[in-house]
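Undergrad: dropping a prediction and its sequence here:
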Amino acid sequence: MGVTMFWFLILKSLLAAYIISHLSVSSVESYACIQKACTDKKYDPNPNTCESSKGCFFQRQEFEDPTLHTTEQRGCSADTCTELAFSATLGRCLAFRYDRRCCFTEQCNKEPIKVSPLSSEPNGVECPACYSGRGSVCKPVSLKCTGAETMCVNVTGRGMIISSNIQAMGCATRTACNLKNMIIMDNIKINTSCVNGNPPLSFQ
């Protein structure tokens, strides 16, 4: 009788633990996120919603060459949502900005994010700068850095739709350093590395 009661209590404890575990997993908060995309202010006329328990995101990218090209995306994060913001100036009228933000409530990514303008205040750092793509040659020239762009960045990349190698150098925020296999502007995969730009680098 004692042995039977002992196994009964064990099974009862296991069942209680399973129920508590199941309830805690199934009680993870889920909420709706706005899901849509636009390129150069051409918005999807029929935005959707998606369900997430890992975060909604709003992502904006700007590439100036000197025409301003923009992409915006909103949606549900597939993994735990992480934020990232960086900028790089690759020459005169040639700059890239990336801003991804996360939120964790119902349709919290409905409103567009406000991106602060880049500072034009010189910071005393100087970097070699150039940009090449589609067979052009990257010929660096001296660039005086501004604002928070205190690192000298080297960028290599490849177009995923139109296959072409990309190389760039310039001034960048520290958050632009050491990016690996990152997709930007929907179709370019890049890798970055940085060196401290203070004092100014010498180059040929």
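TA: Sure, I can see it.
Undergrad: so Glu83 touches Arg101, yeah?
TA: Yes - counting by CB atoms under 8 Å, Glu83 touches Arg101, with 5.4 Å between them. Where you see a C-beta, it was placed from the backbone N, CA and C, and this is true even at glycine.
Undergrad: so what sits against both of those two?
TA: In the contact map built from CB atoms under 8 Å, 6 or more residues apart in numbering, no residue is linked to both Glu83 and Arg101.
Undergrad: between these two, who's got more neighbours?
TA: Arg101 (17 against 13; other CB atoms under 10 Å).
Undergrad: my reading is that that one lies in a helix. Confirm?
TA: No - secondary structure of Arg101 (DSSP: H, G, I helix; E, B strand; the rest coil): strand, not part of a helix.
Undergrad: ok, it - contacts?
TA: 57-59, 83, 85, 113.
Undergrad: again, but for Lys139
TA: Cys130.
Undergrad: let me know the average pLDDT across the longest strand seen in the chain.
TA: Longest among the strand segments of the chain by residue count, using DSSP state E, is strand 122-133. The predicted model gives strand 122-133 an average pLDDT of 93.
Undergrad: mind listing what's buried along that strand?
TA: With burial defined by 16 or more other CB atoms under 10 Å, the residues of strand 122-133 counted as buried are 123, 125-133.
Undergrad: dump these into JSON lines; add distance to Thr71 as well.
TA: Output for the buried residues of strand 122-133, formatted as JSON lines (distance: CB to CB, whole Å):
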{"residue": "Asn123", "distance to Thr71": "28"}
{"residue": "Val125", "distance to Thr71": "28"}
{"residue": "Glu126", "distance to Thr71": "30"}
{"residue": "Cys127", "distance to Thr71": "26"}
{"residue": "Pro128", "distance to Thr71": "28"}
{"residue": "Ala129", "distance to Thr71": "23"}
{"residue": "Cys130", "distance to Thr71": "24"}
{"residue": "Tyr131", "distance to Thr71": "18"}
{"residue": "Ser132", "distance to Thr71": "22"}
{"residue": "Gly133", "distance to Thr71": "17"}
